[in-house]
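K.L.:
Have a look at this prediction, sequence included:
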Amino acid sequence: MKFVPGPDKDTPEPVHIFRLNEREEALLLAMLRLYPVLETSHHRISRDPKAGASAEQRLLEESMGQLRAAHRRKVEALFHNPQRFFKDALGERHLVLTAAQLEWLLQVLNDIRVGNWVRLGCPDLEKPAAMNMARASARALQAMHICGEFQLALLEAVK
Amino acid sequence: MPETSAPITVPDTEKKEKPTSKSRPDRGYLVICWNDPVNLMDYVTHVFQIVFGWAKAKAEKHMLQVHNNGKSLLVRETFEKAEHYVHQLQGYGLHATMEKEE
C-alpha cells in the first residue's frame, strides 16, 4: 500500500489517498477482522501497585472498552461500505481516508499489533533469540508484521 | 518545565482572581511514556504530535528519550489533565502512566 500525494489536500475536508493492490486489500481486511485483540485489562493507569484497584483504573478500563466498541463499529461500517475501495480508470485500487479515519485506522492496527505482541508474551523484538519460539504463534507474528507495514504506509501521509 | 508545558493551553476562567497558593491547580502529576519494543518509532512520534499538539522535532525528542532512556516525562499536569492524556495515549496503544510527583 502506498500513499499517493495529491492535490486533494486542498479540498474542504482534506483526504489521504492510498494505492493498493488486490492482495493488500485482502490483507488489510483480514487484519481488521482480528480487531480488537488487546484486552482492556492490559491498560494500567499508574505503575503504583496500589492503583490497580482504584477508581481511576476502572475508569481507564471502561474508557478503553468504549473506545474499542466505537472503533469496532467503524470497522464494521468499513466492511459494509461498498465504496471503501474504488478502482480508477486504469483499474488500480485506492483507499481514501479523511484525517479522522486515518487516526482510528492507525489505532485499530496498533491494537492488533500490540495485542498480538502481548499474546506472544511481550518478547523483545530486537532480540529474536530471546523469544520463546515454542509459544510463538506464526499467525500472531505475521499479523504484527503486516499491521506494522500498514501503519508505516498510513504514516507516510502525515509526515 | 517550560519545554513540556508550553503546548498545553489552560482554559479561560470566568473569574479573574489573582492566583493564590490555594486556588492554583496542583500540577503535581507526571505523564510518563515507557519504552516497549512493539510501538513503531514513527508511530510514537505521530501520537505525541496529535495528543499534545507538539511540533515534530519536540515529539521526536521525547520519542527518542523513550527509546534510549526507557521512559520520557511528557508533561507535568493537574490530576484531571494527566488522566485525560493517559487515556488518549493508551487509546493509541502507548505504554503511558500518570504518577504523583514525589
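P.N.:
Looks like it came in fine.
K.L.:
Neighbouring strands - and their directions - for the helix or strand of chain A with the lowest mean pLDDT?
P.N.:
Ranking every helix and strand in chain A by mean pLDDT, DSSP states H and E puts strand A:85-87 at the bottom, with a mean of 84. According to DSSP bridges, strand A:85-87 forms sheet pairs with strand A:93-98 (antiparallel).
K.L.:
Next, find the distance separating residue A:148 from residue A:65.
P.N.:
25 Å (C-beta to C-beta, to the nearest Å). Yep, even glycine has a C-beta here, placed from its N, CA and C like the rest.
K.L.:
should've said residue A:13
P.N.:
Applying C-beta to C-beta, the value for residue A:13 to residue A:65 is 30 Å.
K.L.:
Pull the contacting residues for the residue most central in space within chain A.
P.N.:
The residue lying closest to the centre of chain A (C-alpha atoms, centre = their mean) is residue A:109, at 0.9 Å. Residues near residue A:109 by C-beta atoms under 8 Å, 6 or more residues apart in numbering or on different chains: A:31, A:147, A:150-151, A:154.
K.L.:
Quick check: residues of chain A near chain B?
P.N.:
Chain A has residues A:38, A:43-48, A:56, A:59-60, A:63-64, A:67, A:103, A:106-107, A:110-111, A:113-114, A:117, A:122-126, A:144, A:148, A:151-152, A:155, A:158-159 near chain B, with proximity defined as C-beta under 8 Å from any C-beta of the partner chain.
K.L.:
Helices - which of these land there?
P.N.:
In helices, judged by DSSP state H, the following of the residues of chain A next to chain B are found: A:56, A:59-60, A:63-64, A:67, A:103, A:106-107, A:110-111, A:113-114, A:117, A:144, A:148, A:151-152, A:155.
K.L.:
hang on, the earlier thing: residue A:148 and residue A:65 - which one has more neighbours?
P.N.:
residue A:148 (19 against 15; other C-beta atoms under 10 Å in any protein chain shown).
K.L.:
OK, contacts around that one?
P.N.:
Residue A:148 touches A:113, B:40, counting by C-beta under 8 Å, 6+ apart.
K.L.:
go with 6 Å
P.N.:
Shown in contact with residue A:148 (C-beta atoms under 6 Å, 6 or more residues apart in numbering or on different chains): residue A:113.
K.L.:
pLDDT score assigned to it?
P.N.:
Residue A:148 is assigned a pLDDT of 97 by the prediction.
K.L.:
What does the pLDDT read for the residue nearest to residue A:118 when sequence neighbours are not counted?
P.N.:
With sequence-adjacent residues excluded and distances taken as C-beta to C-beta, 6 or more residues apart in numbering or on different chains, residue A:118 is closest to residue A:42, at 6.0 Å. On pLDDT, residue A:42 comes in at 93.
K.L.:
Quickly note the distance from residue A:42 to residue B:45.
P.N.:
For residue A:42, the distance to residue B:45 - C-beta to C-beta - is 23 Å.
K.L.:
cool, residue A:67 as well?
P.N.:
Taking C-beta to C-beta, one finds residue A:67 at 21 Å from residue B:45.
K.L.:
More neighbours: those two, which one.
P.N.:
Neighbour count, other C-beta under 10 Å: between residue A:67 and residue B:45, residue B:45 has more, with 24 against 20.
K.L.:
for the helix or strand hosting residue A:26, which positions count as buried?
P.N.:
Assigned by DSSP states H and E, residue A:26 belongs to helix A:22-32. By 16 or more other C-beta atoms under 10 Å in any protein chain shown, the buried positions in helix A:22-32 come out as A:24, A:27-28, A:31-32.
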